[in-house]
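>>> Fold the following and give me the result.
(2 chains)
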Amino acid sequence: MNKIFLIIRREYLTRVKKRSFLVMTILGPLLMAATIVVPIYLATRSEETKKVAVIDETGIFLEKFKDADNIQFHYLPIDIAAAKANFTKSGDDALLYIPKTEVTLPSNAILYSENSVNISIISYVRNIMGKHIEELKLQARLKEYQTDKNKPIPVDDIMRSVKTTVGINTLKIGEDGKESKSYTELNMVLGMFTGLLIYFFIFMFGSQVMRGVIEEKTSRIVEVIISSVKPFQLMMGKIVGVGLVGLTQFLLWVILTFGIVTVVTTAMSMKNGKKSATEQIMKQSEAMNPAASEALQKQAESGSGDVSEVMEAINSVNFPVMIGSFIFFFLFGYLMYAALFAAIGGAVDSEADTQQFMLPITIPLILSIVMAQYIIRDPDGPLSFWFSIIPLTSPVTMMIRIPFGVPYLQVALSMVLLVLGFLATTWLAGKIYRTGILMYGKKITYKELWKWIRY
Amino acid sequence: MNLFSAQAVSKQYANHKALDEVSIAVPEGSIFGLLGPNGAGKTTLIRIINQIIAPDEGELVFMGRKLQPNDIALIGYLPEERGLYKKMTVGEQAVYLAQLKGLSHVEAVKRLKFWFEKFEIKGWWNRKVEELSKGMQQKVQFLITIIHQPKLLIFDEPFSGFDPINTNLMKEEILAQKANGATIIFSTHNMASVEELCDDIALINSSRVVLSGAMKEIKKTYKTNTFEVTYNTFTDALQPILPEKFRVVSETDDSDHRHATIKLPPDATPNDLIRAMLDRMTIYAIREVIPSMNDIFIEVVTQKISQPAIQE
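Next up is the predicted model:
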């Protein structure tokens, strides 16, 4: 056990100390942050003005939707059925429908559109609705305290009860007025992105394992090492060491990306000068109770980052689940494929010979990426189900599905099968590896590999 | 007493039998030569001793008991196909490999510093392996092999790639290891170094041991009662003056003397040869021709190869 730790440490340290690791660690988050920030920035800068028709059955948002740089609102006095029927002819880009609520304040809206709805429209609407509802709630709460000026204001309590999340469903509306679900939501982007990231990570670190094995074989150090440790220990040590490098890289990316995105978006929203609910409480309470205003000031400082549109969109994602499942599917997906990559490395003499054996490994990976668009369109369909259950495709496919919500039983089944798949490929790879690493200068065929496995 | 012995070890690969009931016995404190042509099964046997691969049949005894997985810490192995991580520094790499053999980090560094000093490669500690010449790398590999002070050392073609000066240095080191109590298995094609270093040998050919034992004994049994004589004479031919069963194998001439190699019948002695020559010519020197390991190797191997061919 001590020896496998030595191997893991060497594999880890030699890679982390490389300059290319440092470059990737810095470039990765910059790229990822750019892919998050730039589209939003461009969307807010877009020349084209989007027209949004509003049908507000509640009546409380009348005149609340102010035209922004590139969004124009106009209120329709007709009912929703008529509006939907006329939508394609109206020339509007989107139709916002706030259904009537009986007792509580509204917290849901539907956004109809012909094509995909720009994320910036969604978050703009959500932002305005959310703030207005919070303001209404706040005023109701503050009324209780206006009569008695000495009664302390329970700041935390008010803040908590006022906080509102607005749900916006996006629906596509066809020329015939029929509805279908829209795919613009962040879920899709996130699913695609994490799926691709797993694909990319498995390939990148899997081939690092393969190159490492080939390096040991061509430099002829392998025989020295396996006179000290078992070939299987060497293989697993390498796989685990490289996997830890991947995990380190991923965690650094997550931390740095969050850092960059937070800094940039905060800077962007500060320029826009938007006011938060907390700032409003402050203004209103200042006159009434000077003692409370200091406490509120602190609240305002700590909470002010939350109000930017981007962060609001991002905050709607369940990050613990996303990161947790990403780490699981990355780790076991990687472990499963890395064993196969190690077996290839062990079987060949140089990287040029790897081509013929790479094909069966890359096919399921590429297939799961090619199928991604169908899976996103129907995340709960049979195709999605089978692709996310079969171990060779499940790491990528399951990651695409997870943002849409997957039944726990399916996730558990997929996880169990993936672990079994990992054990199976490792067992198989171990057999090929231990024979292959001692073979020099021999052209290996599939027939030969089959012999090694059975032998 | 034997430090290591293999008894009736067999190993079957998919297409051919690499070892067929091979038995060897390596006496403690000796240098044991493992000889044989390419593809005879030497490397397979060495890998089995190192527990890199497992034998199908047979028993391996080390220090009086069955060979165990932990024994690899007591064995040092310098493979024929050897190398180092090119991108790692020499020192870091040597410490890593020593640790894999079970040394602690502190102990590995301490011993390596001593050896680096002794081999005069101290300045290489922080250099990358790819900057080293092949001979330098061989030195590093050699000292990595002996760093954990193993009881049994296995060298597979240790001198390939060395210049004569370093070859001598290595020979001295191998003998020094022997003097320190290590037992050495030495596999090579270089018969001169076998004669120089080995106490015992085993010759493997076509997966079987065809010759084994103490080298002196083997040489004795391969003596053919042949003598080389240096003489001068005025008659042309030597053969007619010799007794009937004496056979001249070769005759050469230089400016001063003539030389002849003569094979005697088993019951004759060199005195009989001298007696026959004495009256006819002047004898300057006579010595017994002892077969070299090279001759024995070639004789045994070609014989064993040609035999099955005749049977077929």
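>>> Tell me, how many residues neighbour the residue lying closest to B:Thr188 once chain neighbours are set aside?
The shortest distance from B:Thr188 to any non-neighbouring residue, by C-beta to C-beta, 6 or more residues apart in numbering or on different chains, is to B:Glu157 (5.5 Å). Every residue, glycine included, has its C-beta placed from N, CA and C. Number of residues near B:Glu157 (other C-beta atoms under 10 Å in any protein chain shown) recorded here: 18.
>>> which residues touch B:Glu157?
For B:Glu157, the contacting residues are B:Glu80, B:Ser187, B:Thr188, B:His189, B:Asn190, by C-beta atoms under 8 Å, 6 or more residues apart in numbering or on different chains.
>>> What backbone torsions are found at the residue of the stretch 101-250 of chain B found nearest chain A?
Per C-beta to the nearest C-beta, B:Lys101 is where the stretch 101-250 of chain B lies closest to chain A, at 5.3 Å. Backbone torsions for B:Lys101, taken as degrees, to the nearest 10, come to phi -80, psi 0.
>>> ok, it touching B:Thr145?
No: using C-beta atoms under 8 Å, B:Lys101 is not in contact with B:Thr145, being 9.3 Å away.
>>> Which secondary structure element of the chain has the lowest mean pLDDT?
If you meant another chain, say so; for now it's chain A. Lowest by mean pLDDT, DSSP states H and E among the helices and strands of chain A is helix A:290-303, with a mean of 45.
>>> can you pull out the strands in chain B?
Along chain B, the stretches classed as strands by DSSP state E are B:2-12, B:17-27, B:31-35, B:57-62, B:65-66, B:75-78, B:152-156, B:183-187, B:200-205, B:208-214, B:226-232, B:247-253, B:258-263, B:282-288.
>>> again with chain A
A:50-56, A:71-75, A:94-98, A:108-113, A:167-173, A:179-181.
>>> Direction included, what does the first one pair up with?
Spelled out, it's strand A:50-56. Strand A:50-56 has its sheet partners listed here by DSSP bridges as strand A:71-75 (parallel), strand A:94-98 (parallel).
>>> Repeat that for the fifth one.
Strands adjacent to strand A:167-173 in the sheet, as given by DSSP bridges, are strand A:108-113 (parallel), strand A:179-181 (antiparallel).
>>> Go through chain A and flag its longest helix.
In chain A, taking DSSP state H as the definition, the longest helix is helix A:231-272.
>>> And the average pLDDT for that one is what?
Helix A:231-272 shows a mean pLDDT of 85 in the predicted model.
>>> B:Gly39 and chain A, how far apart?
13 Å (C-beta to the nearest C-beta, to the nearest Å).
>>> what about that residue, how many neighbours?
13.
>>> next one: A:Val189
18.
>>> any chance of the strands paired with strand A:50-56 in a markdown table, with mean neighbour count too?
Compiled in a markdown table, these are given as follows (neighbours: other C-beta atoms under 10 Å in any protein chain shown):
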| stretch | mean neighbour count |
| --- | --- |
| strand A:71-75 | 16 |
| strand A:94-98 | 23 |
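>>> Take these and lay them out in JSON lines including distance to B:Ala54.
JSON lines is the format used below for these (distance: least, C-beta to C-beta, whole Å):
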{"stretch": "strand A:71-75", "distance to B:Ala54": "74"}
{"stretch": "strand A:94-98", "distance to B:Ala54": "71"}
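>>> now the ones you listed as JSON lines including mean pLDDT?
Converted to JSON lines, those look like this (pLDDT from 0 to 100):
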{"stretch": "strand A:71-75", "mean pLDDT": "82"}
{"stretch": "strand A:94-98", "mean pLDDT": "84"}
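>>> Chain B versus A:Val54, what's the distance?
64 Å.
>>> my guess is that residue meets A:Asp67, correct?
No: taking contacts as C-beta under 8 Å, A:Val54 lies outside contact range of A:Asp67: 11.6 Å.
>>> what sits in contact with each of the two?
Common neighbours of A:Val54 and A:Asp67 (C-beta under 8 Å, 6+ apart) are A:Phe73.
>>> which one of these two has more residues nearby?
A:Val54 (21 against 12).
>>> show me the contacts for that one.
Counting by C-beta under 8 Å, 6+ apart, A:Val54 has contacts A:Phe61, A:Phe65, A:Phe73, A:His74, A:Tyr75, A:Leu76, A:Leu96, A:Ile98.
>>> Repeat the analysis, applying 6 Å as the threshold.
A:Phe65, A:Phe73, A:Tyr75, A:Leu96 (C-beta atoms under 6 Å, 6 or more residues apart in numbering or on different chains).
>>> what's the farthest-apart pair in these?
A:Tyr75 and A:Leu96 (9.8 Å; C-beta to C-beta).
>>> Can you give me the pLDDT of the residue of the stretch 101-250 of chain B closest to chain A?
88.
>>> ok, now A:Arg10?
For A:Arg10, pLDDT reads 92.
>>> For B:Pro27, see how far away the nearest residue to it once chain neighbours are set aside is.
Nearest residue to A:Arg10, sequence neighbours excluded (C-beta to C-beta, 6+ apart): B:Tyr96, at 5.7 Å. According to C-beta to C-beta, to the nearest Å, B:Tyr96 stands 34 Å off from B:Pro27.
>>> Looking at those two, which has the bigger crowd around it?
Between B:Tyr96 and B:Pro27, counting by other C-beta under 10 Å, B:Tyr96 is the more crowded of the two (20 against 16).
>>> Counting neighbours, what do you get for the closest residue to B:Tyr77 other than its chain neighbours?
Spatial nearest neighbour of B:Tyr77, chain neighbours left out: A:Ser227 (4.2 Å); criterion: C-beta to C-beta, 6+ apart. Number of residues near A:Ser227 (other C-beta under 10 Å) recorded here: 23.
>>> A:Ser227 is in contact with B:Ile75, isn't it?
No: at 7.3 Å, A:Ser227 does not count as touching B:Ile75 under the criterion of C-beta atoms under 6 Å.
>>> send the alpha carbons of stretch B:136-144 over as CSV?
Provided in CSV are the C-alpha atoms of stretch B:136-144 (Å, rounded to 0.1, in the frame of the first residue of the first chain):
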residue,chain,number,x,y,z
MET,B,136,26.3,7.9,-17.1
GLN,B,137,22.8,6.5,-17.1
GLN,B,138,24.1,3.0,-16.8
LYS,B,139,26.1,4.1,-13.7
VAL,B,140,23.0,5.5,-12.1
GLN,B,141,21.0,2.4,-13.0
PHE,B,142,23.8,0.2,-11.5
LEU,B,143,23.8,2.0,-8.2
ILE,B,144,20.0,2.0,-8.0
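>>> Can you pull the domain assignment for the chain?
Assuming you mean chain A. Per automatic domain parsing, the domain ranges recorded for chain A read A:2-37+A:187-262+A:316-454, A:47-117+A:119-182.
>>> my bad, the chain I had in mind was chain B
If you go by automatic domain parsing, chain B breaks into B:2-220, B:224-288.
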